[in-house]
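In: generate coordinates for the sequence data below:
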Amino acid sequence: YVKSLGAKISYDLAAPFAVSTNRNELEYLLPKIDILFSTEEEALELTGKEPISALSELSEICPIAIMKSGKNGSIIKKGSDKFIIPVYKVDVVNTNGAGDTYSAGFIHEYLKGSDLESCGHFASKLASKVCAREEPYFTNH
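Out: Below is the predicted model:
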């Protein structure tokens with residue numbers, strides 16, 4: 001229904017165990033997804049292929065496929081366009097939440113109409129800030 005209204009659907013594979021547990025549902029959902037986020041491990045679990053081959057396969061199913069590779073940055077693929085996004089160096093304290101922040105930052109910029117490479121750089125910068133924090137952003141103070 002949301003597609004008929006012109007909405008884009010994004011999805012983050014979440015974790016390798018979630019992929020293996022929900023494989024049938026994912027095979028149904030993937031063709032409906034416009035922007036797919038995955039890590040190398042999640043993509044391997046889903047496709048059985050190494051990162052670059054997995055990303056190529058996923059980008060044939062989903063118009064925009066993004067492979068998050070932690071300290072190695074990320075790769076965004078749309079059709080024949082591929083953007084390699086570096087990490088922004090910080091003193092890493094805690095990586096918890098960095099992947100989700102990357103996805104949120106990407107979507108934020110995408111909704112503003114930024115090009116894919118700019119979306120990736122913004123997302124990477126935001127994720128690096130999360131990695132450098134000394135305390136969680138949300139606490140029960």
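
In: show me what contacts V87?
Out: Listed by Cβ atoms under 8 Å, 6 or more residues apart in numbering, the contact set of V87 reads 70-73, 124, 127-128. Any C-beta I mention is one placed from the backbone N, CA and C, and that applies to glycine too.

In: for A65, pull up the helix or strand it's in.
Out: According to DSSP states H and E, A65 maps onto strand 64-68.

In: quick check: beta-bridge partners of F37?
Out: Per DSSP bridges, the residues bridged to F37 are D12, I66.

In: P51 versus that one, what's the distance?
Out: As judged by Cβ to Cβ, to the nearest Å, F37 and P51 stand 14 Å apart.

In: between these two, which is the more surrounded one?
Out: Using other Cβ atoms under 10 Å as the criterion, F37 and P51 rank with F37 on top: 26 against 18.

In: coming back round to it: so which of the contacts of V87 are in strands?
Out: Counting by DSSP state E, the contacts of V87 place none of their members in strands.

In: could you check how far G97 is from K3?
Out: For G97 relative to K3 (Cβ to Cβ), the value is 29 Å.

In: more neighbours: which of the two?
Out: The neighbour comparison of G97 against K3 (other Cβ under 10 Å) goes to G97, with 16 against 10.
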